[in-house]
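Chemist: Okay, predicted coordinates and the sequence, questions at the end:
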Amino acid sequence: MIKRSGLSFLLVVLFVACVSCGGGGSSTPITVVVTAPSATATVGTALQFTATVTGTTDTAVTWQVNGQPGGTAATGTISSSGSYLATTLPSPATVTITAVSQADATKSGSLAITIQNGASNITVSVSPAGNTNNPVSVPTFATQTFTATVTGTTNTAVTWSISCSVGGTACGAIGSSGNYVAPNSVPTLVNTDGSVTNDIVTVTATSQASGSASGSSAVYVLPLNQNALTPPVQLGSSGSNVAATCIQGNEGFCFGGTLGSLLTRGGTPQTQTLYIMSNNHVLGLADAGVAGQAVTQPGEIETNCNLAGTTTVANLTSFVSLQPPPTVPVDVAIAQIINGEVDSTGKILELGSVSGGVPQPGQVVAGPGTAATPGESVAKSGRTTGLTCASVEAINTSAQVAYEKGCATTTSFTVTYSNQVTVGQTSNGNGFIAEGDSGSLMVDETTATPVALLFAGGDTTAIANPIGAVITALKDSSGNLPTFVGTATPHSIAGCSLPPPSADGVIAKGSSKTQAIAALTASVLQNAAITQDRNASALMSVSGVSAVGTGASLDSPTEAAMLVFLPRGASHDGVPAEVDGVRTRIVETDASSVHGALTQEQATQLTALSEQPQSITLTADQVTSATAVKEKHVASLMADKSVLGVGVALSLDSPGDPAIMIYVQKGQSHSAIPVTIDGVRTRIKETTPFIAGVARPRKTPAGCPVNGAPAKAPATSPKSSAAKLIRASLAAAIV
């Protein structure tokens with residue numbers, strides 16, 4: 001009864017409403033409104049106009065162009081259906097389209113439009129102009145204004161954009177007026193051979209009159225470290241051994257790296273001897289160097305592969321042999337400075353305070369340095385990528401590193417290291433180092449204390465010698481250990497806190513970082529969902545667990561994980577590392593009101609809401625215990641040729657717990673890796689092989705790179721394309 005009564009009432013209301021809407025005797029004025037999908041028409045392309053007539057049942061109209069029914073050849077013609085077509089560019093290039101009511105010729109509507117030439121006639125050029133052979137150099141942290149010239153249309157407005165391989169703020173930013181802001185560090189490119197080099201940023205102006213008409217300019221982001229400095233030079237700058245030029249006639253190459261830091265060894269403050277520290281494969285030419293050889297700033301890679309434009313700042317003193325390696329291998333060389341040529345206070349480029357938006361040179365903490373820890377925030381200033389900031393990925397890492405010896409590119413060898421520090425990519429997806437950054441000193445970001453000496457890497461991971469091993473290896477014949485020249489006062493690396501580049505709203509195009517969940521196959525997700533259904537109740541019975549779901553593992557990005565939601569700070573002890581062969585991932589959350597088994601969508605949303613930056617470290621006991629497990633199993637793990645390294649890291653699936661970090665070769669299959677080894681979680685990361693000597697800029701008849709500008713690619717380039725050769729040439733020879 002109630003439902004029927006309600007329905008009857010509704011019908012009555014509708015009936016009354018319809019009656020009230022019935023026709024009356026009043027008349028409505030006739031109006032005509034003209035619309036079109038664009039205020040711009042292109043020569044040779046029809047533009048459809050629409051006339052909306054109200055106040056009469058006769059909605060027919062007569063179309064006019066500049067008051068002429070149907071238009072003319074000079075202004076363009078319009079059909080009876082409102083289709084306008086210009087076959088030539090009228091002068092002036094603005095016309096008015098009018099629709100006249102056929103019911104009342106005194107009633108009409110109009111719309112003014114701009115006519116432009118077809119896209120084939122519109123050209124856009126960008127100034128200053130640059131291409132991959134000769135890009136425009138813009139220093140890091142600096143700005144460069146680009147202008148666009150548009151021809152073939154009266155609409156000269158453009159839309160600016162930038163792009164590079166990484167994308168986002170790693171490429172910089174550009175404003176609507178063409179003001180380009182360089183990034184804080186150099187964007188990097190992973191080549192097909194796995195090497196990491198400087199990338200080219202493309203600045204593009206696209207015509208607003210035609211989206212298919214555009215012009216562009218290539219930009220090389222120039223780190224401050226590559227410049228020729230006025231003595232006394234700061235460290236962190238480009239440098240090389242004078243014998244790093246390997247030329248026969250017009251063909252060959254040159255190479256170099258980074259003059260990393262300043263050491264003192266023996267004597268009193270008044271009589272102490274100062275040394276530049278870098279890598280053996282930079283200053284010692286991978287065991288091919290000879291004591292007494294000159295060390296230049298900048299390296300010859302910046303000066304046409306010759307000494308013109310360089311300054312001799314030190315002389316090679318000694319290096320730790322790579323063949324045969326000592327019991328604890330390190331890749332290090334020192335060169336005694338020439339008085340007055342090197343900053344005797346040990347300042348390193350970009351490690352000091354910020355002035356005018358640019359990090360200034362700064363000192364590191366004097367003394368022997370300290371050991372790195374997993375998750376520690378670190379920074380470096382190097383020849384190729386300038387200032388970069390990231391975090392320690394793993395310590396106590398065993399890995400093999402490939403080398404080439406001096407000019408003898410056919411003489412290659414490998415060195416096995418057992419206690420290395422590894423660093424992942426920066427927060428914007430760039431590499432922490434690229435070719436030419438070898439020899440850079442890695443310091444703690446919060447204190448500027450030295451922690452490691454960078455010397456090699458793959459496409460996603462950098463490798464460094466722990467500073468304790470480096471210092472020990474450099475003791476002199478009297479047993480004196482060197483120490484870093486610097487300040488007694490710890491300080492943060494201010495440049496790491498600078499915001500990313502910004503303009504007036506336009507950030508770079510480019511590849512975006514795909515969420516790990518996107519990499520999971522349907523079968524993997526389905527298997528995880530089945531595991532969740534089967535085990536949700538058991539996991540919910542664990543103390544503190546509020547909800548469970550399915551997502552991606554962070555310790556092994558190609559695997560799914562059971563997401564286990566716990567209150568922040570709650571113990572993880574009752575949560576197993578795996579359930580039915582599926583990894584578990586602990587998500588600490590404040591959403592205590594969410595309970596039970598979640599759908600994948602719910603789990604994804606709750607995970608996104610719960611994620612917060614965390615400062616997590618391992619205790620000394622955790623490191624010791626995990627290292628013991630790593631040492632017990634490293635030989636069997638690395639017996640698999642696809643395993644490149646094994647170390648100790650933080651677990652990402654179980655924050656606060658250690659993990660055995662296993663580096664596997666990208667693109668190759670490997671043996672199954674268990675979720676845990678002796679009770680310690682495993683963490684898997686793909687990378688390319690670790691190398692300390694890679695592609696080097698080649699000298700051609702056109703010359704080597706000068707001040708970061710590449711030489712023209714030779715016709716017999718060994719690379720698959722000129723662009724790849726140019727990008728490789730922009731980088732130094734040595735990692």
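Modeler: Thanks, I have it.

Chemist: how about the nearest residue to Asn155, chain neighbours excluded?
Modeler: For Asn155, ignoring the flanking residues on the chain, the nearest one in space by C-beta to C-beta, 6 or more residues apart in numbering is Ala209 at 4.0 Å. In short, each C-beta sits where N, CA and C put it, glycine included.

Chemist: Name the secondary structure element that contains the one you found.
Modeler: Here Ala209, judged by DSSP states H and E, is contained in no helix and no strand.

Chemist: shouldn't it be in contact with Val150?
Modeler: Yes: between Ala209 and Val150 a contact is recorded at 7.4 Å, counting by C-beta atoms under 8 Å.

Chemist: overlap in contacts of these two?
Modeler: The contact sets of Ala209 and Val150 overlap at Ile122, Ala157 (C-beta atoms under 8 Å, 6 or more residues apart in numbering).

Chemist: For the stretch 601-735 of the chain, give me the ranges with low pLDDT.
Modeler: Flagging of the stretch 601-735 of the chain using pLDDT under 70 yields the residue ranges 612-615, 693-735.

Chemist: if you set the cut-off to 50 instead, what comes out?
Modeler: 694-695, 698-734 (pLDDT under 50).

Chemist: Please enumerate the helices of it.
Modeler: Per DSSP state H, counting those that start in this stretch, the stretch 601-735 of the chain carries helices over the ranges 620-638, 722-730.

Chemist: and the next element down the chain from the lowest-mean-pLDDT helix or strand in the chain?
Modeler: Least confident helix or strand of the chain, by mean pLDDT, DSSP states H and E, is helix 2-20 with a mean of 33. Remark: after helix 2-20, the chain's next helix or strand is strand 31-35, criterion DSSP H and E.

Chemist: Give me the contact list for that following strand.
Modeler: With contacts defined as C-beta under 8 Å, 6+ apart, strand 31-35 is touched by 49-55, 61, 97-101, 107-111.

Chemist: list the buried ones in that strand?
Modeler: Within strand 31-35, the residues that count as buried by 16 or more other C-beta atoms under 10 Å are Val32, Val34.

Chemist: domains of this protein?
Modeler: As given by automatic domain parsing, the domain ranges for the chain are 32-116, 120-222, 516-610.

Chemist: which element is the nearest residue to Thr384 once chain neighbours are set aside on?
Modeler: Excluding its sequence neighbours, the residue lying closest to Thr384 (C-beta to C-beta, 6+ apart) is Gly436, at 3.5 Å. Assigned by DSSP H and E, Gly436 belongs to no helix or strand.

Chemist: confidence score at Gly436?
Modeler: Looking at Gly436, its pLDDT stands at 92.

Chemist: ok, then the element right after the longest strand seen in the chain?
Modeler: Ranked by residue count, the top strand of the chain under DSSP state E comes out as strand 386-405. Counting by DSSP H and E, the element after strand 386-405 in chain order, helix or strand, is strand 408-423.

Chemist: could you dump stretch 252-261 to PDB, C-alpha only?
Modeler: This file holds the C-alpha atoms of stretch 252-261, laid out as PDB (Å, rounded to 0.1, in the frame of the first residue of the first chain):
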ATOM      1  CA  GLY A 252      92.400   7.500 -30.700                       C
ATOM      2  CA  PHE A 253      90.900   8.600 -27.500                       C
ATOM      3  CA  CYS A 254      91.600  10.300 -24.200                       C
ATOM      4  CA  PHE A 255      90.100   9.700 -20.800                       C
ATOM      5  CA  GLY A 256      90.000  10.900 -17.200                       C
ATOM      6  CA  GLY A 257      88.000  11.200 -14.100                       C
ATOM      7  CA  THR A 258      87.600  13.100 -10.900                       C
ATOM      8  CA  LEU A 259      90.200  14.700  -8.600                       C
ATOM      9  CA  GLY A 260      88.400  13.500  -5.500                       C
ATOM     10  CA  SER A 261      89.700  14.900  -2.300                       C
END
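
Chemist: quick one: pLDDT of Gly118?
Modeler: The model reports Gly118 with a pLDDT of 70.

Chemist: quick one: contacts for it?
Modeler: Thr42, Val43, Gly44, Thr45, Ser210.

Chemist: how about those residues, which pair is most distant?
Modeler: Greatest spacing in the contacts of Gly118, by C-beta to C-beta: Gly44 and Ser210 (11.7 Å).

Chemist: neighbours of Ala626, just the number please.
Modeler: Neighbourhood size, Ala626 [other C-beta atoms under 10 Å]: 29.

Chemist: Not counting its neighbours along the chain, what's nearest it?
Modeler: Closest residue in space to Ala626, ignoring its immediate chain neighbours: Pro658 at 3.9 Å, by C-beta to C-beta, 6+ apart.

Chemist: how close does that neighbour get to Thr682?
Modeler: Using C-beta to C-beta, to the nearest Å, Pro658 is found at 11 Å from Thr682.

Chemist: OK, contacts around Glu559?
Modeler: Taking C-beta under 8 Å, 6+ apart, we find Glu559 in contact with Leu520, Val524, Ala552, Ser553, Val582, Arg583.

Chemist: For Arg683, see how far away it is.
Modeler: Computed as C-beta to C-beta, the Glu559 to Arg683 distance reads 11 Å.

Chemist: How about the secondary structure of Pro90?
Modeler: Following DSSP: H, G, I helix; E, B strand; the rest coil, we place Pro90 in the coil state.

Chemist: my read: it touches Thr72, true?
Modeler: No: here Pro90 lies out of contact with Thr72, judged by C-beta under 8 Å, at a distance of 9.2 Å.

Chemist: Of these two, which one has the most company?
Modeler: Pro90 (19 against 12).

Chemist: And Gly44 and Ser210? Which one has more around it.
Modeler: Neighbours were counted for Gly44 and for Ser210 using other C-beta under 10 Å; Ser210 has more, 23 against 14.

Chemist: so the more buried one makes contact with Thr151?
Modeler: No: Ser210 is beyond contact range of Thr151, at 11.8 Å (criterion: C-beta under 8 Å).

Chemist: Identify the contacts common to those two.
Modeler: Counting by C-beta under 8 Å, 6+ apart, the residues touching both Ser210 and Thr151 are Ile122.

Chemist: tell me which element the closest residue in space to Ser492 that isn't next to it in sequence falls in.
Modeler: What sits nearest to Ser492 in space, not counting adjacent residues and going by C-beta to C-beta, 6+ apart, is Thr446, at 5.3 Å. Following DSSP H and E, one finds Thr446 outside all helices and strands.

Chemist: From Val354, how far off is Thr446?
Modeler: When Thr446 is compared with Val354 (using C-beta to C-beta), they lie 16 Å apart.

Chemist: Okay, now the unreliable bits of the protein?
Modeler: Applying pLDDT under 50 to the chain flags the ranges 1-26, 511-518, 694-695, 698-734.

Chemist: is it true that the residue nearest to Ser492 touches Ser377?
Modeler: Yes: if you go by C-beta under 8 Å, Thr446 and Ser377 touch, sitting 6.4 Å apart.

Chemist: where's the closest residue to Tyr220 other than its chain neighbours relative to Cys254, distance?
Modeler: Leaving aside its chain neighbours, Tyr220 sits nearest to Pro135 (4.0 Å; criterion: C-beta to C-beta, 6+ apart). Applying C-beta to C-beta, the value for Pro135 to Cys254 is 20 Å.
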